[in-house]
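1. Generate coordinates for the sequence data below:
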Amino acid sequence: MSDSDLTISICNQDGMRATLSPVGAALCELHVPDAENVIGNVVSSHPSQRFSGVTVGRVANRIGKGMFVQDGELYHLTRNEGNHHLHGGSEAPLGQMLWSAERSPSSVRFHVQSPDGADGYPGTLDVWSSYSLTDDNTLVMEFKARTDRPTPVNLTNHTYWNLGGPIQGHELQIQANHFAPTDDELIPTGKLEPVAGTDLDFTRLKPLGTRAFDCTFGLDSGAPAATLKDPVTGRCMEVHTTQVALQLFTTTRALCLEAQGFPNAVHQESFPSVILHPDKVYTHTTTHRFWNESPR
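-> Numbers count the residues shown, from 1 in each chain. As a prediction, this is how the structure comes out:
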């Protein structure tokens, strides 16, 4: 059976439709109208795009040197990005596992259990990843996790977005006055620096341009995390999240806006902790609201 045989479709009353896969609890397609009411897919899935649409974890982004210390014990994780650990590893990351699914006409709730020791992580982790479509053309993503031992958890969705026109012409605003600088291997240093005066300043709407981005922003509170507009089709997308950070990653075709905790937080006391304890429940919600403006 191919992955395509497992896909699930949900829709709202206005014709917005999503295609999802239990392999990686992934968003495969999302069809929304443009300014001329033409329905089109805004999810890019080119073969060159790694982690396309999947729920990423146990820990999204990078963990330096593929190791961390928890309660005095050293844990070695899978090193799948040079000397470092990326997006949960390569042996049994959440984005490669087959999740169970419960569905309704407008929502799907996926569940998977990551066993103790998977890619080096301690504890058995139960994870839920849910997608729902509302009648105001909003895609709601909800994440939940429980563990039986203290373990790092930092989940995100890795969808590549393209609203219809060339990605370089898409206009982006990120409500963040600070970013997390990295070393030469893209491992955050633990500091936050102002975006003002840099090409990472997206505090006002501006075209992406041709530069490639792979950077983490510390989100300001009380505002949309990001706004994306395509002047060709008129499609617009607004992102809200309960997370503290947003990873901007761009390709020549699309961009990712990954709501998450700060990368490498297990090594940086200045970042909020990503350690989940058995007496706590990990939750976060990210929404994507779509509307149209006149094409330019």
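2. quick one: contacts of stretch 138-148?
-> Contact with stretch 138-148 is made by 18, 27, 30, 55, 57, 116, 123-134, 153, 155, 157, 276-278, 281-290, as judged by Cβ atoms under 8 Å, 6 or more residues apart in numbering. All C-beta spots, glycine's among them, are computed from the backbone N, C-alpha and C.
3. Which members of the residues you listed are positioned in helices?
-> Using DSSP state H, no member of these sits in helices.
4. Make a ChimeraX selection of whichever of those residues turn out to be buried.
-> Buried residues within these, by 16 or more other Cβ atoms under 10 Å, are selected in ChimeraX with:
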select :18,27,30,55,57,123,124,125,127,128,129,130,131,132,133,134,153,155,157,276,282,284,286,287,288,289,290
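5. Go ahead and confirm residue 285 touches residue 239.
-> No. Residue 285 is beyond contact range of residue 239, at 11.3 Å (criterion: Cβ atoms under 8 Å).
6. number of nearby residues for the residue lying closest to residue 266 once chain neighbours are set aside?
-> In this structure, residue 266 finds its nearest non-sequential neighbour in residue 68, 4.0 Å apart by Cβ to Cβ, 6 or more residues apart in numbering. Residues within reach of residue 68, counting by other Cβ atoms under 10 Å, total 25.
7. who's residue 68 bridged to?
-> Beta-bridge pairing for residue 68 (DSSP bridges): residue 75.
8. ranges for the strands of the stretch 101-250 of the chain?
-> 107-114, 125-133, 138-147, 151-152, 156-157, 160-161, 171-174, 178-180, 193-194, 206-207, 214-218, 226-229, 235-241, 245-250 (DSSP state E, counting those that start in this stretch).
9. So in that sheet, which strands flank the fifth one, and in what orientation?
-> Listed by DSSP bridges, the sheet partners of strand 156-157 and their directions read strand 55-56 (antiparallel).
10. same question, the third one
-> Note on strand 138-147: by DSSP bridges, its sheet partners are strand 125-133 (antiparallel), strand 282-292 (antiparallel).
11. Kindly format the C-alpha coordinates of that strand as CSV.
-> What follows is strand 138-147, C-alpha atoms only, in CSV (Å, rounded to 0.1, in the frame of the first residue of the first chain):
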residue,chain,number,x,y,z
THR,A,138,-8.7,28.8,9.3
LEU,A,139,-6.6,25.8,9.6
VAL,A,140,-6.1,24.9,13.3
MET,A,141,-3.1,22.7,14.3
GLU,A,142,-3.1,21.4,17.9
PHE,A,143,-0.3,19.4,19.5
LYS,A,144,-0.3,17.4,22.7
ALA,A,145,2.2,15.0,24.4
ARG,A,146,2.6,13.0,27.6
THR,A,147,5.7,11.2,28.9
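12. for the stretch 51-200 of the chain, what are the low-confidence residue spans?
-> Counting by pLDDT under 70, the stretch 51-200 of the chain shows no low-confidence range.
13. For the residue in the chain sticking out farthest from the centre, grab phi and psi.
-> Distance to the chain centre peaks in the chain at residue 72, reaching 30.5 Å (criterion: Cα atoms, centre = their mean). Main-chain torsions, residue 72, degrees, to the nearest 10: phi 80, psi 0.
14. What average pLDDT does stretch 219-238 get?
-> Throughout stretch 219-238, pLDDT has a mean value of 96.
15. Give me the buried positions along it.
-> Under the neighbour-count criterion of 16+ other Cβ under 10 Å, stretch 219-238 has 219, 224-238 buried.
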